[in-house]
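Undergrad: Okay, sequence plus prediction incoming.
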Amino acid sequence: MRILAIESSCDEFSISIMDKGKVLSNVISSQIKEHSEFGGVIPELASRLHVENFHWVLLDSLQQSNSQLEDIDYISYTSNPGLIGSLIIGKLVAQTISTYLKKPLLDMNHIEGHIYGANIEQKFQYPVLALVVSGGHTQIQLLKESLSFELIGTTQDDAVGECYDKVARVLGFNYPGGPVIDKLAQNGNDKKYKLPISKNDDSYDFSFSGLKTASLNLINKLNQNNEEIIIEDFCASFQKTAIDTLMIKFEKAIKEFKPNTITVVGGVSANQSIRSIFYKVGEKYNIKKVIIPDLKYCTDNAAMIAELTNEYLVKDKK
């Protein structure tokens, strides 16, 4: 059962080929360089670059997997959520291959793909509690069994990755600014600057607009008063507040739903501090499995879509 999966929801175009649950290739065309000069992703540019790059991504993925197009049994692609133009390019490529090969075409959800990206190298023990953290999404999802996605909580405004990038831009960092903040935070005093934890209530929902606004106001105030901003300390203080905001709600969910597996997925799951804290939380609550995906499966990639597709196909055959 050989799957060709396409992920094109934002500024990466990726194709992965999987056979019997094993990733044979996972090729990603990144556009960070092109978008960095604008301080963020430009949707029109992203879709145009997908058109320019998809052919070599396809050829490279076939070559790395030692496959021919005729070897493919199923084609899948990310249908939502994401940038409309980018999603359309991926869908058109997938439809063209499916029509040419006369093989089944399956549409997949991007967030579900991120969650099952954690299932590639280690396998879930259900129930699973997943923290989804990226530039566009911040959610807690509960899976009582395979593919049974239940949204427990979500951001009411900014996603955590979006908050990172907006604060980073004001600090003068290039896009993407989240990894820069994370790196500088490792050597900073996280108690130097006081920032608020938003929506600290009984719900499982998040809010990051308050943290973003408070951070920008503090930066402006310090600049107006000609006070030096100790960058490492500011990054450490901001990052601690952002992670505390996430973990307060996530730990609350652990206590209620008592998962056997916890995982953190999405682009922000590459953050060093989040990865470290997640293992500590697993130990604190005696969680059987703590799964943090390899860095290559954290950002947008087609292997996670292939794994999700494989899970659906295996379940359908049972």
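TA: Sure thing, it's come through.
Undergrad: from here on, contacts and neighbour counts on C-alpha atoms
TA: OK.
Undergrad: can I assume Q141 sits in a strand?
TA: Yes - under DSSP: H, G, I helix; E, B strand; the rest coil, Q141 falls within a strand.
Undergrad: Least confident secondary structure element in the chain?
TA: One helix or strand of the chain scores below all others by mean pLDDT, DSSP states H and E: helix 32-36, with a mean of 83.
Undergrad: From the contact counts, what lies against the helix or strand following it?
TA: Under the assignment DSSP states H and E, the closest C-terminal helix or strand after helix 32-36 is helix 43-64. Here helix 43-64 touches strand 12-19, strand 22-30, helix 84-101, going by 3 or more CA pairs under 8 Å, 6 or more residues apart in numbering; DSSP states H and E.
Undergrad: got the CA coordinates for the longest one in CSV?
TA: Below are the C-alpha coordinates for helix 84-101, written out as CSV (Å, rounded to 0.1, in the frame of the first residue of the first chain):
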residue,chain,number,x,y,z
ILE,A,84,-6.7,29.0,0.0
GLY,A,85,-4.3,29.6,-2.9
SER,A,86,-1.7,27.3,-1.5
LEU,A,87,-4.2,24.6,-0.8
ILE,A,88,-5.6,24.8,-4.3
ILE,A,89,-2.2,24.2,-5.9
GLY,A,90,-1.7,21.1,-3.8
LYS,A,91,-5.2,19.8,-4.6
LEU,A,92,-4.6,20.4,-8.4
VAL,A,93,-1.3,18.5,-8.3
ALA,A,94,-3.0,15.6,-6.4
GLN,A,95,-6.0,15.5,-8.7
THR,A,96,-3.8,15.5,-11.8
ILE,A,97,-1.7,12.5,-10.5
SER,A,98,-4.9,10.7,-9.4
THR,A,99,-6.5,11.2,-12.8
TYR,A,100,-3.4,10.1,-14.6
LEU,A,101,-2.9,7.0,-12.5
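Undergrad: So which elements touch that helix?
TA: The contact analysis (3+ CA pairs under 8 Å, 6+ apart) places helix 84-101 against strand 2-7, helix 43-64, strand 74-80, strand 105-109.
Undergrad: same thing with the first one?
TA: Secondary structure elements in contact with strand 12-19, counted by 3+ CA pairs under 8 Å, 6+ apart, are strand 2-7, strand 22-30, helix 43-64, helix 302-317.
Undergrad: What are the buried residues along the top helix by length along the chain?
TA: Determined from DSSP state H, the single longest helix within the chain is helix 231-257. Neighbour counts over helix 231-257 (16 or more other CA atoms under 10 Å) mark 231-242, 245-247, 249-251, 253-254 as buried.
Undergrad: How about stretch 216-235?
TA: Using 16+ other CA under 10 Å as the test for burial, stretch 216-235 gives L216, L218, I219, I231, E232, D233, F234, C235.
Undergrad: Pull the distance from that stretch to the chain's centre.
TA: Relative to its chain's centre, stretch 216-235 lies at 29 Å (CA atoms, centre = their mean, to the nearest Å).
Undergrad: Just the residues contacting that stretch, thanks.
TA: For stretch 216-235, the external contacting residues (CA atoms under 8 Å, 6 or more residues apart in numbering) are 167, 170-171, 181-182, 184-193.
Undergrad: Just the buried ones from those?
TA: For the contacts of stretch 216-235, buried by 16+ other CA under 10 Å: V167, L171, I181, D182, L184, A185, Q186, G188, N189, D190, Y193.
Undergrad: I262: what secondary structure?
TA: At I262 the chain is in strand, as set by three-state DSSP.
Undergrad: Kindly state the beta-bridge partners for it.
TA: I262 forms beta bridges with L129, V290, as assigned by DSSP bridges.
Undergrad: hang on, it packs against Y285?
TA: No - counting by CA atoms under 8 Å, I262 stays clear of Y285, with 10.5 Å between them.
Undergrad: The two - which one has more neighbours?
TA: Ranked by neighbour count (other CA atoms under 10 Å), I262 and Y285 place I262 first, with 28 against 13.
Undergrad: For that one, give me its contacts.
TA: I262 touches V128, L129, A130, L131, G282, I287, K289, V290, I291, counting by CA under 8 Å, 6+ apart.
Undergrad: with these in mind, which one is nearest to K20?
TA: Relative to K20, the closest of these is I291; by CA to CA it sits at 21.3 Å.
Undergrad: pLDDT score for that closest one?
TA: Looking at I291, its pLDDT is 97.
Undergrad: With I262 instead?
TA: So I262 comes in at 98 (pLDDT).
Undergrad: how far away is it from A303?
TA: In this view, I262 and A303 are 20 Å apart by CA to CA, to the nearest Å.
Undergrad: ok, now P127?
TA: Applying CA to CA, the value for P127 to A303 is 23 Å.
Undergrad: Between those two, which has more neighbouring residues?
TA: Higher neighbour count among P127 and A303: A303, with 33 against 18, using other CA under 10 Å.
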